[in-house]
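Trainee: Sequence isn't available, so here's the structure alone:
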C-alpha cells in the first residue's frame with residue numbers, strides 16, 4: 001500500500017491496486033447502472049414522448065438493463081475484475097448515452113443522466129485524465145453523430161431504414177451545432193469538476209497512506225537510531241533522493257548531533273559535527289520548510305513559514321554555506337521540534353517529484369508534524385527505560401551492599417576469629433560453624449530471590465498454573481517450609497499482564513513468609529468465578545501487628561500491610577483483603593475482576 005502511494009509524487013495518484021477495493025468499486029457502479037436504467041424505463045413509461053411511442057424504445061433500455069445485470073453477475077462470480085473487463089464495460093457506458101440521445105425528445109430528456117454517470121464512473125475508477133478523456137470521447141461521438149445526421153442521413157431522405165426501429169423519431173434539432181456546442185461545454189465542465197474532485201480524493205488517500213506507512217516504522221523495540229533509519233529510508237525512497245542528513249540539537253545542553261543516510265553507507269550513521277557548524281545547519285535556513293535548486297550561478301528557493309504561507313524573497317546565504325559543506329544540486333530542508341528539548345532540521349539532497357512545489361512542501365510540513373510526536377515518544381520511552389534500568393541497577397547494588405556483602409564481611413570476620421580460637425577453645429568452634437552455616441544459607445536464599453526478581457517474566461494463561469506450582473514447590477524445597485498450591489481452575493483464560501502481576505504477588509508473598517512470618521505451613525490457592533479471579537495466600541506464622549480483617553483502603557489509612565503487594569494489586573484493578581491473627585497466621589486474599597487491566601505505570 002505504501003509503495004503504491006509513492007506514485008503521488010511522480011505523477012498523479014493511481015487507481016486502487018487492491019483487488020477487493022476494485023471489486024467493491026465495480027459493484028457499486030454496476031448497481032448504480034441498473035438503478036439508473038430502471039429509473040429511465042419508469043420515466044418513459046410515465047411520459048412516452050421522451051423516447052417516442054414505439055415498443056423498440058423499451059427494448060433498447062431493456063437491452064442496456066440486461067447488460068447491467070450481466071455485469072453484476074460476472075462481478076459476483078469472478079474473484080477479480082481485470083483491467084480489460086473494466087475498459088470494455090466503460091466503453092459500453094460511453095457509447096450508450098451518445099446512441100440513446102439520438103432518439104431523445106428535447107432537452108428535458110432523462111437520458112442526460114447517462115452522460116453524468118459515465119463521467120462519474122471514470123472519476124470513481126481512475127482520476128482526472130481518464131475523466132477528461134471520457135468527456136472528450138463523449139463530445140467527439142456527439143459531434144460525429146451531428147455530422148452524420150445533418151450531412152448524411154438528412155441528405156438521403158431522413159428516414160430510418162430498419163423496420164425494427166419503426167416508430168422512433170430522430171431528434172435532429174438537438175444535434176444542430178449551436179445546441180450541441182452548449183451540451184459539449186456542459187460535459188467538459190462537468191468532467192473537469194468530477195476529475196478534479198477524484199484527483200483530490202486520491203491525493204488525500206495517497207498522503208494518508210504515506211503518513212500511515214511512516215508511522216508504522218516508529219517502533220520502540222527498534223530504538224531511536226533504528227526508527228530514524230527506517231523513516232529516513234522511506235523518505236529517501238519517496239523522493240528518490242541521493243542522501244539524507246539529519247541535524248539536531250538538545251536545547252538545554254546545546255549538544256549537537258549529525259546523522260546521515262546514503263552516500264557511502266547504507267545504514268544511518270552518526271557523524272561528528274563541528275561546534276561552529278551547528279548554527280549553519282539549524283538556524284540560518286529560510287522558513288520551516290524550503291526547496292532550493294541551483295541554476296547556473298543563482299538559487300531558486302521556495303520557502304514556507306510555520307503556517308504554510310510562502311515567504312517572499314528568502315535569503316540564500318545558508319545555501320551557499322551548505323554547498324561548501326555538502327555536494328548537491330537541489331535539496332529540501334524541513335525543520336522540526338520535539339517538545340521543549342530537541343530541535344533540528346532534515347536535509348533531503350537531490351529529490352525528485354512532479355507536482356506543485358508549494359503543495360509538496362505543505363505536505364512535508366504536515367507530515368513531520370504528525371510523525372514528530374511519534375518519534376519523540378520513542379525517545380522518551382528510550383530515556384525512561386535507561387533511567388528505570390539505572391534505578392533498578394542501583395536498587396540491586398544497594399540490596400547486595402546492605403545484604404549479602406555485609407553478611408559475607410561479617411562471616412569472614414567470624415571465620416578469622418574461629419581460626420584463632422581453634423587451638424585454645426575447640427569446643428566453641430562447632431557451635432559457631434553451625435551458626436555461620438545458617439547465616440550463609442540465609443544469604444544464598446536472599447541472592448536467589450534477588451536473581452528471581454531480576455528475571456523477566458514471560459508467562460501467559462496457558463503456563464500460569466504450572467509456573468505458580470513450580471514456584472511454590474521451589475520455595476518448599478529451598479526453605480523447608482511446607483508449601484502447597486491448590487486450584488479448581490482447569491482452563492485459565494486470563495490476560496498476560498494479569499498473569500505476570502499475580503505471579504509477582506505470589507513470589508513477593510512467599511518471600512515475606514520466609515523473612516517475617518516464621519510459619520511452618522503455607523497454602524496458595526487460585527479460584528475462578530464468572531466475574532473474577534481469586535488468589536489466596538495463607539500461613540500459620542506470627543501474623544501482622546494488628547488483629548482482624550482489613551480492606552486495602554483501611555490498610556492504606558493505617559499505613560500497614562505489604563507495600564509491594566498492595567501496589568501490584570492496585571495495578572490490576574484488584575481488591576486486597578488481609579486477615580491477621582497475631583500468633584496464629586495471616587491470610588491474604590486478592591480479588592481481580594475479569595475486566596481489570598494492568599496499568600503501565602509500574
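Mentor: Thanks, I have the structure now. Bear in mind that the values here come from a model prediction, so they are computed numbers and not experimental data. Numbering: from 1, shown residues only.
Trainee: Which parts of the helix or strand encompassing residue 319 count as buried, going by neighbours?
Mentor: Remark: residue 319 resides in helix 317-325, with elements defined by DSSP states H and E. Neighbour-count burial for helix 317-325 flags 318-319, 321-323 (criterion: 16 or more other C-beta atoms under 10 Å). C-beta coordinates here come from the backbone N, C-alpha and C atoms, glycine included.
Trainee: Next secondary structure element downstream of it?
Mentor: Assigned by DSSP H and E, the successor of helix 317-325 is strand 330-338.
Trainee: and that following strand, average pLDDT?
Mentor: Mean pLDDT, strand 330-338: 88.
Trainee: Stretch 266-276 now?
Mentor: 74.
Trainee: for stretch 114-129, same thing?
Mentor: Per-residue pLDDT over stretch 114-129 has a mean of 87.
Trainee: Can you mark which positions in that stretch are buried?
Mentor: Residues of stretch 114-129 classed as buried by neighbour count (16+ other C-beta under 10 Å): 114-128.
Trainee: and those residues, which of them are in helices?
Mentor: 114-125, 128 (DSSP state H).
Trainee: Adding distance to residue 225, write the residues you listed out as CSV.
Mentor: Shown next, in CSV, are those (distance: C-beta to C-beta, whole Å):
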residue, distance to residue 225
114, 59
115, 58
116, 55
117, 54
118, 53
119, 51
120, 49
121, 49
122, 47
123, 44
124, 44
125, 43
128, 41
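Trainee: Among those, which one lies nearest to residue 506?
Mentor: residue 124 (60.5 Å; C-beta to C-beta).
Trainee: Residue 25 is in contact with that closest one, correct?
Mentor: Yes. With contacts counted by C-beta atoms under 8 Å, residue 124 reaches residue 25, the gap being 6.1 Å.
Trainee: State the phi and psi torsions of residue 562.
Mentor: phi -70, psi 110 (degrees, to the nearest 10).
Trainee: brain fart, residue 257
Mentor: The phi/psi pair for residue 257 (degrees, to the nearest 10) is phi -140, psi 140.
Trainee: any idea where the strands of this protein begin and end?
Mentor: 243-250, 256-262, 265-271, 289-295, 298-304, 330-338, 342-349, 482-487, 521-528, 532-539, 548-551, 575-581, 585-593 (DSSP state E).
Trainee: what's the closest of these to residue 45?
Mentor: Nearest of the strands of the chain to residue 45, taken as C-beta to C-beta: strand 298-304 at 58.9 Å.
Trainee: Could you list the buried residues of the closest one?
Mentor: Quick answer for strand 298-304 (16+ other C-beta under 10 Å): 299, 301-304.
Trainee: Stretch 488-507 too?
Mentor: 492, 494-495, 497-507.
Trainee: Pick the one among these closest to residue 580.
Mentor: Checking the buried residues of stretch 488-507 against residue 580 with C-beta to C-beta, the nearest one is residue 505 at 17.4 Å.
Trainee: pretty sure that closest one contacts residue 567?
Mentor: No. Using C-beta under 8 Å, residue 505 is not in contact with residue 567, being 10.0 Å away.
Trainee: what about the residue nearest the centre of the chain, distance to residue 268?
Mentor: By C-alpha atoms, centre = their mean, the chain has its centre lying nearest to residue 216, at 4.9 Å. Going from residue 216 to residue 268 by C-beta to C-beta, to the nearest Å gives 18 Å.
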